[in-house]
Structures are given as C-alpha cells and as structure tokens.
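Colleague: could you work out the structure for the sequence below:
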Amino acid sequence: MKTVSIGSHSLAYTEVSPPQPRANVLFLSWLGGSRLGWSSVVDDIGQDYRALAPDHRDTGDSDAFSDAYTVADLADDAAAFLTALGAAPAFVVGLSLGGMVAQHLALRHPNLVRGLVLVATTPGGAASTPAGERGRAALFLPAELEAGERARQALALMSDEQPAGARPRRLRGGRDPCPQAPAEHREL
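Modeller: Residues are numbered from 1 along each chain as shown. The predicted structure follows:
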C-alpha cells in the first residue's frame with residue numbers, strides 16, 4: 001500500500017504502471033468502497049496505462065475524518081492526488097459516488113481530466129433517481145468483512161443482474177444496440 005499527503009491528510013492508493021504508460025487512468029470508488037474493489041481492473045489496465053486507485057478520505061486505508069465534507073471536497077482531494085503524483089491529465093473512471101466525484105473533478109479542475117467514464121452514477125440533486133434496494137444494501141455490509149471482500153460484495157450488489165447471454169446482440173433490422181464508438185472517443 002502506498003500513501004500520499006494532500007493538504008492535512010493522507011490518501012492510500014494502488015498504482016500499477018508499465019515503464020512507458022500510454023496515459024494516466026484514475027479509478028474512483030463508490031460510497032463505502034475502497035481501492036481494493038478495483039484491484040483486478042487496475043492490474044489489467046496497468047499493463048498499458050498508469051492505473052491509479054485511491055481510497056477516498058474516511059474509507060479503506062486513508063485517513064479518518066471527523067469533520068463534515070462534500071462530494072466537491074472529494075473532487076478536490078482527487079485533484080490534489082493527481083497533482084501530487086504528477087498524473088494529470090487523466091482519464092477518470094467513477095463508479096456510483098466515484099462518478100459523482102469524477103463529474104465535480106471535471107467541472108472544478110478541467111485541466112486535470114482527459115476524459116470521463118461514468119458508471120452507475122448520477123449528477124445528484126433533487127431530480128436524480130434514488131438508489132434501489134440492492135444499492136442501499138451495498139452500503140450496509142457488515143463492518144467486520146475484510147476490505148477486499150466488502151468491496152467485492154458491494155460491487156456484486158450494484159452490478160447488473162442480467163445474465164450475459166440475455167442481452168440481444170442485434171436489434172430488429174440488424175442494428176447493433178451498442179455500436180463501436182467513433183474513433184475520437186476511443187482514445188483509451
């Protein structure tokens with residue numbers, strides 16, 4: 001485990017990178033999740049890219065916090081993290097709360113963000129859809145679970161329940177429901 005000081009606190013993080021990475025990729029965790037939930041993804045992406053996964057403040061192995069803080073504060077932490085490690089600009093992948101943090105990061109510090117990948121998230125606010133039963137259950141897993149197992153269980157609860165073979169490959173008329181992204185969107 002590595003740590004980096006940002007302001008008055010430290011963030012724990014995982015880093016996997018080849019000697020000459022193609023780009024930087026920052027992975028931001030969900031509410032109550034830790035960097036360990038990204039382990040297999042970071043290991044895979046880190047073969048070609050500098051893959052970074054920090055624990056947000058108050059989670060995993062990062063410093064505990066007694067004061068109140070906001071999603072914007074977490075975005076500022078992510079900005080300070082990228083800056084401290086010389087990892088900007090970065091593609092930012094955010095899952096759930098991590099996606100909310102990623103959006104704030106892009107709005108507050110656009111020079112640090114090369115692109116966003118937002119997964120199962122919301123911009124927040126009064127018009128957003130509240131978490132479903134499985135999402136809420138992921139927030140209340142037993143505290144005594146080992147951090148990696150807690151992250152795996154939370155991710156499983158927040159993942160799509162649809163079996164892999166159930167998704168249609170083509171719509172009527174032969175159109176692919178998920179066509180290949182245009183070249184300008186395939187930088188990663």
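Colleague: CA atoms for contacts and neighbours, from now on please.
Modeller: Will do.
Colleague: how many neighbours does Glu144 have?
Modeller: By the measure other Cα atoms under 10 Å, the count of residues near Glu144 is 7.
Colleague: got any ranges where this protein has weak pLDDT?
Modeller: Across the chain, the ranges flagged by pLDDT under 70 are 159-188.
Colleague: remind me what the top helix by length along it packs against, helices and strands.
Modeller: If you go by DSSP state H, the chain has its longest helix at helix 71-84. Helices and strands touching helix 71-84, by 3 or more Cα pairs under 8 Å, 6 or more residues apart in numbering; DSSP states H and E, are strand 2-6, helix 97-108.
Colleague: 7 Å - rerun?
Modeller: helix 97-108 (3 or more Cα pairs under 7 Å, 6 or more residues apart in numbering; DSSP states H and E).
Colleague: which is the succeeding secondary structure element to the helix it packs on?
Modeller: Heading C-terminal from helix 97-108, the first helix or strand you meet, by DSSP states H and E, is strand 113-119.
Colleague: buried sites along that next one?
Modeller: Neighbour-count burial for strand 113-119, counted by 16 or more other Cα atoms under 10 Å, picks out Val113, Arg114, Gly115, Leu116, Leu118, Val119.
Colleague: for that strand, packing partners?
Modeller: Secondary elements touching strand 113-119 (3+ Cα pairs under 7 Å, 6+ apart): strand 90-95, helix 97-108.
Colleague: tell me where the protein has strands.
Modeller: All strands of the chain, identified by DSSP state E, fall at 2-6, 9-16, 24-28, 50-54, 90-95, 113-119.
Colleague: quick revisit: next, the angle from the longest helix of the chain to strand 2-6.
Modeller: Following axes from the mean of the first three to the mean of the last three Cα atoms, to 10 degrees, one obtains 110 degrees for the angle between helix 71-84 and strand 2-6.
Colleague: rewinding a little: to Gly37, which of the helices and strands packed on strand 113-119 lies closest?
Modeller: Closest of the helices and strands packed on strand 113-119 to Gly37 is strand 90-95, at 10.6 Å (criterion: Cα to Cα).
Colleague: alpha carbons of the closest one, as PDB, please.
Modeller: Listed next in PDB are the C-alpha coordinates belonging to strand 90-95 (Å, rounded to 0.1, in the frame of the first residue of the first chain):
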ATOM      1  CA  ALA A  90      -6.000  11.500 -16.500                       C
ATOM      2  CA  PHE A  91      -8.900   9.600 -17.800                       C
ATOM      3  CA  VAL A  92     -11.200   9.300 -14.800                       C
ATOM      4  CA  VAL A  93     -13.400   6.200 -14.200                       C
ATOM      5  CA  GLY A  94     -16.000   6.700 -11.500                       C
ATOM      6  CA  LEU A  95     -18.500   4.200 -10.100                       C
END
